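Trainee: kindly return the folded structure for what I paste below:
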Amino acid sequence: MGADKTDAQALKRQVAQAALALLEDDAATLGVGTGSTVNAFIDALASCPGRVRSAVSSSQASSARLAAAGIAVRDLNEIDSLPLYIDGADEANAARQLIKGGGGALTREKILAAAARRFVCIIDASKLVPVLGAFPLPIEVIPMARNLIARELSARGGRPVWRRECVTDNGNHILDVHGWRIEDPPALERELNQLPGIVSVGLFAARPADLLLIGTAAGVERR
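Mentor: Below you'll find the predicted structure:
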């Protein structure tokens, strides 16, 4: 188990360095996501001062880590354009469609992905799957609508579980939906977005990643 964890961390560092190589020197503002692979990327940024002037972050946790690395954190409303957004994923398929939100930041991650001209997703090979859904799909909901939405998800064959220990940075709750094999991610994303009370769905299919960087034992694969 210890060796497997060490190997996974090595793959995260490997793919983080590959993402760092995408940055132009003295880049303006970079979008930065949330999660363990992104933490490895922030550590890589910290080791190369001056690679970016500032960052927009998808979570309070990432903002604190960026600030500790000496990188100014800005509000998205303060900038006119976001050339590049780098984030991880809980699952990814061959079409670069993703499940995200295991860290609870899916809404802000989705906003940054929409704002960015280019969205690069960094993962290790274990996150690449033929069909999305083995990882429970996170859905951020308004607290008063939690049970209403849970019934709607159950009616669609899912098994929603309230992530009781989690309140998002937006003050909302998360339902993790188990038991779905998501054959048509864009269609499911569209359908769920119509349910009143859902803030955001952890499917990134309507706006998938533009590039996947996949850390493997043989090196970094690009898709």
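
Trainee: tell me the mean pLDDT over stretch 11-28?
Mentor: Stretch 11-28 shows a mean pLDDT of 85.

Trainee: if you could redo that for stretch 117-129, that was the one I meant.
Mentor: For stretch 117-129, mean pLDDT rounds to 96.

Trainee: gap between that stretch and the chain center?
Mentor: 9 Å (CA atoms, centre = their mean, to the nearest Å).

Trainee: got the contact list for that stretch?
Mentor: By CB atoms under 8 Å, 6 or more residues apart in numbering, the residues outside stretch 117-129 that reach it are 8, 11-12, 15-16, 18-19, 22, 37-38, 41, 81-94, 96, 98, 113, 207-217, 221. For the C-beta atoms, the positions are set from N, CA and C on the backbone; glycine is no exception.

Trainee: cool, and stretch 199-206?
Mentor: Outside stretch 199-206, the residues touching it (CB under 8 Å, 6+ apart) are 89-90, 95, 97-101, 106-107, 109-110, 113, 132, 137-142, 170, 172, 182, 185-186, 188-190, 192-193.

Trainee: tell me which residues in the longest strand anywhere in the chain are buried?
Mentor: The residue-count maximum for a strand in the chain (DSSP state E) belongs to strand 116-124. With burial defined by 16 or more other CB atoms under 10 Å, the residues of strand 116-124 counted as buried are Ala116, Phe119, Val120, Cys121, Ile122, Ile123, Asp124.

Trainee: where exactly do the helices run in the protein?
Mentor: Taking DSSP state H as the test, the helices found in the chain are 2-20, 36-46, 60-68, 106-115, 146-155, 185-193.

Trainee: just put those in a markdown table and tack on distance to Gly202.
Mentor: As requested, the helices of the chain are arranged in a markdown table below (distance: least, CB to CB, whole Å):
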| stretch | distance to Gly202 |
| --- | --- |
| helix 2-20 | 20 |
| helix 36-46 | 16 |
| helix 60-68 | 17 |
| helix 106-115 | 4 |
| helix 146-155 | 13 |
| helix 185-193 | 9 |
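
Trainee: hey, least reliable of those helices by pLDDT?
Mentor: For the helices of the chain, mean pLDDT drops lowest on helix 2-20, to a mean of 81.
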